[in-house]
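A.B. asks: could you work out the structure for the sequence below:
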Amino acid sequence: MKPTCPLVVLLALGPALLGQEGAGRPPITVFFADGTSQPLGNWALSYEYATWPKGESSARGAFARLQSPDLLLGKRVVHTAGTTLELTYVGARARGLAIVDKDGKRNTHKLEAPPGETLAPGARKDVVVQARGLDLYGETLTGGKRSYCLLSYTALVECAADPDQRVVKIQFP
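C.D. replies: Coordinates of the predicted model:
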């Protein structure tokens, strides 16, 4: 079997690995539990999920990600443009979510995992799709790459407990 050229593999994996998933989006401001904040450009919300054949162990699962500028809450899609997302915590685990619109109207939401058909629309019917967590990816003003775990949908994923890494609010322009 002929080895695959690394550049071909990189291009085949798509723009997410090349840092283009957030290109063209205005920068966001991320606020942390320790009171600090950081602007991020070229950002995306990233939903991690696992897939495995029905009837088999989840240990045989494969992991994938869905990148989006929007918040997926259950079967709903919440457009983030012009909103502020606020996360509330019990201990180190996100337990609540509020979205504040441009006019200051605050709506609280239950943390619901996106359904399998949203995360992996082409998945066969004999495959289980399970949401694992929601992360935020982006670039600092100096070009450094950053990722922050926002919440987990399963006990198998833990987000950082350190206040300087725990996101409490995101302002979307």
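
A.B. asks: quick one: mean pLDDT over stretch 125-137.
C.D. replies: For stretch 125-137, mean pLDDT rounds to 95.

A.B. asks: relative to the whole chain's centre, how far out is that stretch?
C.D. replies: Computed by CA atoms, centre = their mean, to the nearest Å, the separation of stretch 125-137 from the middle of its chain amounts to 10 Å.

A.B. asks: flag every buried residue along that stretch.
C.D. replies: 127, 129, 130, 131, 132, 133, 134, 135, 136, 137 (16 or more other CB atoms under 10 Å). The way it works is simple: take the backbone N, C-alpha and C, and place the C-beta from them, glycine included.

A.B. asks: for these, which one is nearest residue 65?
C.D. replies: Taking CB to CB as the measure, residue 65 lies nearest residue 135 of the buried residues of stretch 125-137, at 8.2 Å.

A.B. asks: which residues of this protein score low on pLDDT?
C.D. replies: For the chain, applying pLDDT under 70 flags the ranges 1-23.

A.B. asks: kindly list the longest strand within it.
C.D. replies: strand 37-53 (DSSP state E).

A.B. asks: what helices or strands is the following helix or strand past that strand leaning on?
C.D. replies: Scanning forward in sequence from strand 37-53 by DSSP states H and E, the next helix or strand is strand 62-68. Using 3 or more CB pairs under 8 Å, 6 or more residues apart in numbering; DSSP states H and E, the elements in contact with strand 62-68 are strand 37-53, helix 116-119.

A.B. asks: list the contacts for the residue nearest to the spatial centre of the chain?
C.D. replies: Geometric centre of the chain, nearest residue: residue 46, 2.8 Å, by CA atoms, centre = their mean. Under the criterion of CB atoms under 8 Å, 6 or more residues apart in numbering, the neighbours of residue 46 are 65, 66, 67, 68, 134, 135, 136, 137, 147.

A.B. asks: which residues sit in contact with the closest residue to the fourth one other than its chain neighbours?
C.D. replies: By the measure of CB to CB, 6 or more residues apart in numbering, the closest residue to residue 68 outside its immediate chain neighbours is residue 45, 5.3 Å from it. Under the criterion of CB under 8 Å, 6+ apart, the neighbours of residue 45 are 67, 68, 69, 70, 71, 72, 80, 134, 135, 136, 150.

A.B. asks: show me which of those is closest to residue 90.
C.D. replies: residue 150 (14.9 Å).

A.B. asks: in three-state terms, label the closest one for me.
C.D. replies: State at residue 150, reduced to three classes by DSSP: H, G, I helix; E, B strand; the rest coil: strand.
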